[in-house]
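Peer 1: here is my input; please provide its structure:
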Amino acid sequence: MAALLCLALGARLVPLTFSPLPFSIDGFALARISSNIAADGTWRIDPADTNSYNQKLPGFSILWSAAAQVGGLSPLVHVQLILPFLTCTTVLVAYLLGVKAAGRRLGGFVAGLFIALFGSFLLLTSATAKESIGLLVFPVAVLLFREREDPRKRALAVVFLLFLPFLHSLTTFLTLGMIAALVVLAHRRALARGRFSWRALVLDVVTGPALALGAWAYYVAVDLPFLSDILAPAAFVLFLAVVVLLAALLASTARPAKSRIGRRLVSPMAKAVLPPVLGFALLLGNASTNLFVGTATTQPAFFQVLPAIVVFAAFGVAGFQLTRRTTNRANDLMVSMIVAPVALIVFGMLHGLDPEGLLLVYRAFDFLDYALAVLIAVAFVAGWKGLARFRPARAFLMTGLVISLIATTPMAWNTPAVFGVQNVTTTDEFQTLALLGSLGAPNVTTDQRLADVGRMWFGYSTDGLLPQRLRANESIGGFAYALVLEEWMTAGAQVHPAPNVVLAPKVFFAFLQANQVVFVAGPEGHRIFLVRLIV
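Peer 2: Down below sits the predicted model:
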């Protein structure tokens with residue numbers, strides 16, 4: 001267990017080799033709010049503040065501000081160092097889930113190993129973001145609610161569920177969805193066995209799914225962005241339809257699936273195989289055309305990771321087959337942890353093939369990782385037991401798992417190639433943005449990433465459309481300064497979720513020659529130019 005923790009911690013510290021600054025753009029907003037809380041001694045929501053959205057979800061910033069003050073740390077410089085010490089404990093939760101499901105410590109080790117190294121999960125738990133903490137809190141809340149026969153665990157679950165709305169809205173509703181699924185499964189089984197109790201049902205609902213009303217009331221009160229789109233009549237009816245459909249499908253999971261004579265797999269097999277097959281088909285289809293209009297296609301580098309994901313999908317299907325043959329609580333837990341993210345994915349797809357739909361879909365996938373880790377652990381333990389007489393085969397099995405996990409790490413550490421998103425802000429870029437303050441820059445135009453960093457931390461009036469204007473040969477009036485990166489001619493300027501904007505060298509250098517270069521930083525090929533615009 002100690003080895004797993006060290007491995008997880010080391011993996012999450014890798015971003016520090018790129019830059020000491022937050023590994024994500026959102027980290028600058030969270031650090032600025034934490035710094036302001038420490039300076040003012042209060043938390044407040046300022047609608048005019050550029051970071052008002054994150055002020056409405058203050059859980060991360062309040063906790064980090066308190067920790068930074070107690071430890072004498074910098075809210076900006078040290079957050080990327082301290083965060084991994086917290087997020088690496090996700091392997092403990094995965095270990096516990098694996099042990100409960102597989103009944104062996106080996107299952108816990110495999111589940112913990114998956115959570116420690118799987119690229120997608122590693123990316124989020126290495127980034128400075130609200131969701132990073134949410135991925136630790138939500139499985140703890142679900143596990144505590146699962147053991148709600150103990151009043152102390154039920155009370156702790158309620159505490160976590162009351163805290164989540166102030167941390168991350170998506171985590172909140174996914175967690176409550178998982179808990180609602182647990183309630184449906186438990187009372188469906190109690191009804192079938194003649195043990196149904198209205199009192200128990202009401203208590204479970206009040207201390208579980210009903211807490212969504214409090215979260216909804218708070219989000220409406222602070223006017224949380226994007227909520228109005230989801231709660232619009234048409235969208236809300238669609239969401240309810242998806243929930244009702246999945247709730248009806250949950251009824252069959254309250255009893256063990258039967259395998260026919262002569263068949264080792266649960267029938268129909270499509271229940272387990274169809275979801276990953278559809279997922280891979282969508283990824284392949286998105287490589288040639290924009291499935292979500294206005295967004296980037298699947299990057300070529302992602303297909304280098306795909307074989308490892310296929311391996312895990314195969315393990316997951318096998319684990320699902322084994323888990324579905326039982327009516328124990330591991331089955332309930334897995335079903336509940338799968339159904340809520342799947343509901344959000346289906347809703348995101350049906351809601352609209354646009355950037356907002358993409359946001360809902362790809363954010364929900366990472367909440368499936370714990371369930372996938374457990375299913376892989378169950379299948380691995382079964383395979384390990386089956387190979388008891390063949391030690392070389394066991395060694396091959398373990399080695400294959402580790403190699404496959406390592407093969408997915410580019411999703412965490414090479415995001416520009418795999419996802420087309422740059423999460424790193426270098427020291428040179430940050431210092432150049434800081435220099436603008438000493439020049440008294442009233443406004444700045446640059447790409448989306450640097451515009452967001454300048455606005456979130458320094459409070460500049462920024463514009464992130466410079467690359468598009470340069471490519472289209474449009475006028476750049478109304479701005480005093482510009483920041484341009486040499487990488488725009490190779491990797492392109494970031495316009496997430498749309499594809500990067502790559503500038504022709506002649507366009508790039510013509511812009512520099514037509515204006516005054518004030519400052520240059522960074523190594524050759526990765527230089528950043530601070531330019532005073534000549535009207």
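Peer 1: give the residue spans of this protein that score low on pLDDT.
Peer 2: Along the chain, segments meeting pLDDT under 70 span 249-275, 324-329, 535.
Peer 1: and residue 352, how far from residue 65?
Peer 2: Residue 352 sits 37 Å away from residue 65, going by C-beta to C-beta, to the nearest Å. (Glycine included, C-beta is placed from N, CA and C.)
Peer 1: residue 382 belongs to a helix?
Peer 2: Yes: assessed with DSSP: H, G, I helix; E, B strand; the rest coil, residue 382 lies in a helix.
Peer 1: quick check: closest non-adjacent residue to it.
Peer 2: residue 322 (5.9 Å; C-beta to C-beta, 6 or more residues apart in numbering).
Peer 1: can you dump the C-alpha atoms of the helix or strand hosting the one you found in PDB for me?
Peer 2: Residue 322 belongs to helix 302-323 when assigned by DSSP states H and E. The C-alpha trace of helix 302-323 is given here as PDB (Å, rounded to 0.1, in the frame of the first residue of the first chain):
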ATOM      1  CA  PHE A 302      -4.600   9.600 -29.200                       C
ATOM      2  CA  PHE A 303      -4.700   6.500 -31.300                       C
ATOM      3  CA  GLN A 304      -1.300   5.500 -30.000                       C
ATOM      4  CA  VAL A 305      -3.000   5.200 -26.500                       C
ATOM      5  CA  LEU A 306      -6.000   3.400 -27.900                       C
ATOM      6  CA  PRO A 307      -4.600  -0.200 -27.800                       C
ATOM      7  CA  ALA A 308      -4.000   0.100 -24.100                       C
ATOM      8  CA  ILE A 309      -7.600   1.400 -23.600                       C
ATOM      9  CA  VAL A 310      -8.900  -1.600 -25.600                       C
ATOM     10  CA  VAL A 311      -7.000  -3.900 -23.100                       C
ATOM     11  CA  PHE A 312      -8.700  -2.200 -20.200                       C
ATOM     12  CA  ALA A 313     -12.100  -2.300 -21.900                       C
ATOM     13  CA  ALA A 314     -11.700  -6.100 -22.300                       C
ATOM     14  CA  PHE A 315     -10.800  -6.500 -18.600                       C
ATOM     15  CA  GLY A 316     -13.800  -4.300 -17.700                       C
ATOM     16  CA  VAL A 317     -16.200  -6.300 -19.800                       C
ATOM     17  CA  ALA A 318     -15.000  -9.500 -18.200                       C
ATOM     18  CA  GLY A 319     -15.200  -8.000 -14.700                       C
ATOM     19  CA  PHE A 320     -18.700  -6.800 -15.400                       C
ATOM     20  CA  GLN A 321     -19.700 -10.300 -16.400                       C
ATOM     21  CA  LEU A 322     -18.300 -11.700 -13.100                       C
ATOM     22  CA  THR A 323     -19.800  -9.000 -10.900                       C
END
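Peer 1: who has more neighbours, residue 352 and residue 65?
Peer 2: More crowded of residue 352 and residue 65, by other C-beta atoms under 10 Å: residue 65, with 23 against 16.
Peer 1: one step back: ok, now which ones touch the residue nearest to residue 382?
Peer 2: By C-beta atoms under 8 Å, 6 or more residues apart in numbering, residue 322 lies in contact with 378, 379, 382.
Peer 1: tell me the spatial nearest neighbour of the first one, not counting adjacent residues.
Peer 2: The shortest distance from residue 378 to any non-neighbouring residue, by C-beta to C-beta, 6+ apart, is to residue 319 (4.0 Å).
Peer 1: please report phi then psi for residue 236.
Peer 2: phi -70, psi -40 (degrees, to the nearest 10).
Peer 1: surely it is in contact with residue 230?
Peer 2: Yes: with contact defined as C-beta atoms under 8 Å, residue 236 reaches residue 230; the gap is 7.1 Å.
Peer 1: neighbour count winner among these two?
Peer 2: For residue 236 versus residue 230, neighbours defined as other C-beta under 10 Å are more numerous around residue 230 (16 against 11).
Peer 1: burial check on the residue nearest to residue 7 when sequence neighbours are not counted, number of neighbours?
Peer 2: The spatial neighbour of residue 7 that comes closest, neighbours along the chain excluded (C-beta to C-beta, 6+ apart), is residue 116 at 5.1 Å. Residues lying near residue 116 (other C-beta under 10 Å) number 27.
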